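> From the sequence below, what's the structure:
(one chain, ligands or ions: 2)
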Amino acid sequence: MNTVTEIAPDGYRISTFVSQANLQFNQFLVRDDEPLLFHTGMRRLFPTVREAVAKLIDPGMIRWIGFSHFEADECGALTEWQNLAPNATAVCSLVAKSVSVDDVVAVRPAQALCDGEVLTTGKHRFQFLQTPQVPHAWDAGLLFEETQRLLLCSDLFHQNGDVEAVTESDVVGRFKDMLIEYQQGPFAN
Ligand SMILES: [Fe+2]
Ligand SMILES: [Fe+2]
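Numbers count the residues shown, from 1 in each chain. Ligands and ions are numbered 1, 2, ... in the order given. I've put the predicted structure just below:
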């Protein structure tokens, strides 16, 4: 069901491929003194993502839950994760927190980060980049882990198919192909 790959030291991609959509839903776990999960996935994926996280750490120890923007595949299972992990706090933009997150999915108030602000989880340092221009939401942001140069993003560089966890090939071309393909369907424009 899930494929777990270490893509950086203590950084893991948990990938669930949904064949009906020809799409992967990827969550990222960074193991540290204060473990950080980037993306929860949709609520329906919660049991399977929890199972994958449990192979790496005690899921109840998750301390931070980051995500780019307010959508089901980014933070739909935040409530379930916060019920499981008593110290888990969401980290997102002030717009995401104020407009949607605290009202709809957060069990505890989210921690808003300003553009450029750094969240330290132990060995790792996550710089928040506020990006209302990408991928497609005014509340969007990215987390850039400075020590490993690991960019945590969602929907940016979107690819279809059950693609590899790590590549040294072009990803912009695949993203362009996906955009052209989507022009034929309900997600056009
Ligand atoms: Fe999304
Ligand atoms: Fe999105």
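> all contacts plus neighbour counts: C-alpha atoms, from now on.
Noted.
> Can you show me the CA trace of the longest helix along the chain as CSV?
Determined from DSSP state H, the single longest helix within the chain is helix 172-182. What follows is helix 172-182, C-alpha atoms only, in CSV (Å, rounded to 0.1, in the frame of the first residue of the first chain):
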residue,chain,number,x,y,z
VAL,A,172,9.9,20.6,-14.8
GLY,A,173,9.2,18.8,-18.0
ARG,A,174,7.0,16.2,-16.2
PHE,A,175,5.2,19.0,-14.5
LYS,A,176,4.6,20.7,-17.9
ASP,A,177,3.3,17.4,-19.3
MET,A,178,0.9,17.1,-16.4
LEU,A,179,-0.5,20.6,-16.9
ILE,A,180,-1.1,19.9,-20.6
GLU,A,181,-2.8,16.6,-19.8
TYR,A,182,-5.0,18.3,-17.2
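> for that helix, packing partners?
The contact analysis (3 or more Cα pairs under 8 Å, 6 or more residues apart in numbering; DSSP states H and E) places helix 172-182 against no helix or strand.
> buried residues in that helix?
By 16 or more other Cα atoms under 10 Å, the buried positions in helix 172-182 come out as F175, M178, L179.
> Need the contact partners of it.
Contact with helix 172-182 is made by F157, H158, Q159, N160, A188, as judged by Cα atoms under 8 Å, 6 or more residues apart in numbering.
> do the same with stretch 86-93
Residues outside stretch 86-93 that contact it (Cα under 8 Å, 6+ apart) are 60-69, 78, 81-82, 106, 108-114, 130, 139-141.
> buried stuff in that stretch?
Neighbour-count burial for stretch 86-93 [16+ other Cα under 10 Å]: N87, A88, T89, A90, V91, C92, S93.
> What ranges does the chain have for its helices?
For the chain, the helices defined by DSSP H occupy 46-54, 72-75, 78-84, 94-96, 102-104, 172-182.
> Relative to L119, which of the ones you listed is closest?
L119 sits nearest to helix 94-96 of all those, at 14.7 Å, using Cα to Cα.
> Give me the pLDDT value at M1.
The model reports M1 with a pLDDT of 77.
> just checking, it touches T16?
Yes - at 6.2 Å, M1 counts as touching T16 under the criterion of Cα atoms under 8 Å.
> neighbour count winner among those two?
Higher neighbour count among M1 and T16: T16, with 21 against 10, using other Cα atoms under 10 Å.
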